[in-house]
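>>> Fold the following and give me the result.
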Amino acid sequence: MFAEIRDQDAPRASRRDAGATIQSMFTGIIEEVGRVTGVAQENSNRRLTVGASQLNRELKQGDSIAVSGVCLTAVEITPTSFAADLAAETWKRTSFSRIKKDALVNLELPMRADGRFGGHIVQGHVDGTGKFLALDRVRDADDYWLRIEIPPELARYVIFKGSLCIEGISLTVAQIEGTKVTAAIIPHTVKMTNLKALKPGDPVNLEVDVVAKYVEKMIKGESANSLLTVERLVGEGF
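Purely as a prediction, here's the structure:
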């Protein structure tokens, strides 16, 4: 499930016209790369302004938008940009700590109820930040290896061939060595996301598969005489 980017030039009906939006539900399919035009600070809060030429046309004040994997609320919209307020906790717990003017950010609007499920369940609730290690070209191929280091407390949710959201991108884990994770990246994803702008040591937003967290909680809550079955999972909404 490598991250693919929807055709930016393809005609698309308005999300408000085409169907109801699932609140704060994303799939990790990046629709546009925006550019930070400013970060204004007032007391402990900050207002992030992002230049966007396409998605901002669909935004209305109060709408959700995922910015590099963080679900934010658009509070100010112009024909060429949108602004969102960042609480101190958001600034502290996400990769926004490295955000400066002209930084590239990955953008995705919430999934419509009638939309295709192109990636995996992404809530826009960042679990922590990892460290970007490298984006290496595969020898004798056009593909790349994205290498990151994840916090130890998130490692139990990351499995071989499982899903991991990195900077808002739905990616498939290709290799795990302790806390070092590798994902295979196609050239189109490099071109159409902010991965190409990252430098070794940069923090990256991580959201692990929410299904893994729910299953863990259910298993811990099971008694010795109770079974976790497929029917039980379906009943819980999986």
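>>> Please make it C-alpha for all contacts and neighbour counts, starting now.
OK.
>>> if you skip the residues just before and after it, what's nearest to the one residue sitting closest to the centre of the chain?
Nearest to the mean C-alpha position of the chain, by C-alpha atoms, centre = their mean, lies residue 168 at 1.6 Å. Counting by C-alpha to C-alpha, 6 or more residues apart in numbering, residue 69 is the residue found nearest to residue 168 once chain neighbours are left out, at 3.4 Å.
>>> gap between that neighbour and residue 177?
24 Å (C-alpha to C-alpha, to the nearest Å).
>>> Then residue 200?
Residue 200 is 18 Å from residue 177, by C-alpha to C-alpha.
>>> again with residue 45
37 Å.
>>> correct me, but the residue nearest to the centre of the chain touches residue 106?
Yes. Residue 168 lies in contact with residue 106 (C-alpha atoms under 8 Å); the separation is 6.5 Å.
>>> Can you pull the residues that touch both of these two?
Here residue 168 and residue 106 share the contacting residues 30, 66, 67, 68, 69, scored by C-alpha atoms under 8 Å, 6 or more residues apart in numbering.
>>> This protein: strands as residue ranges?
Remark: strands assigned in the chain by DSSP state E are 32-42, 45-51, 64-67, 70-78, 81-86, 104-108, 128-137, 144-149, 163-166, 169-177, 180-185, 203-208.
>>> now the ones you listed as a markdown table including mean pLDDT, distance to residue 98 and mean neighbour count?
Putting the strands of the chain into a markdown table (pLDDT from 0 to 100; distance: least, C-alpha to C-alpha, whole Å; neighbours: other C-alpha atoms under 10 Å) gives the following:
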| stretch | mean pLDDT | distance to residue 98 | mean neighbour count |
| --- | --- | --- | --- |
| strand 32-42 | 94 | 11 | 18 |
| strand 45-51 | 94 | 12 | 21 |
| strand 64-67 | 96 | 14 | 25 |
| strand 70-78 | 95 | 14 | 20 |
| strand 81-86 | 96 | 14 | 22 |
| strand 104-108 | 97 | 11 | 25 |
| strand 128-137 | 96 | 11 | 20 |
| strand 144-149 | 98 | 16 | 20 |
| strand 163-166 | 94 | 15 | 26 |
| strand 169-177 | 95 | 18 | 21 |
| strand 180-185 | 96 | 21 | 22 |
| strand 203-208 | 95 | 7 | 26 |
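>>> buried ones in the lengthiest helix in the chain?
Looking across the chain with DSSP state H, the single longest helix is helix 210-221. By neighbour count on 16 or more other C-alpha atoms under 10 Å, the buried set for helix 210-221 is 210, 212.
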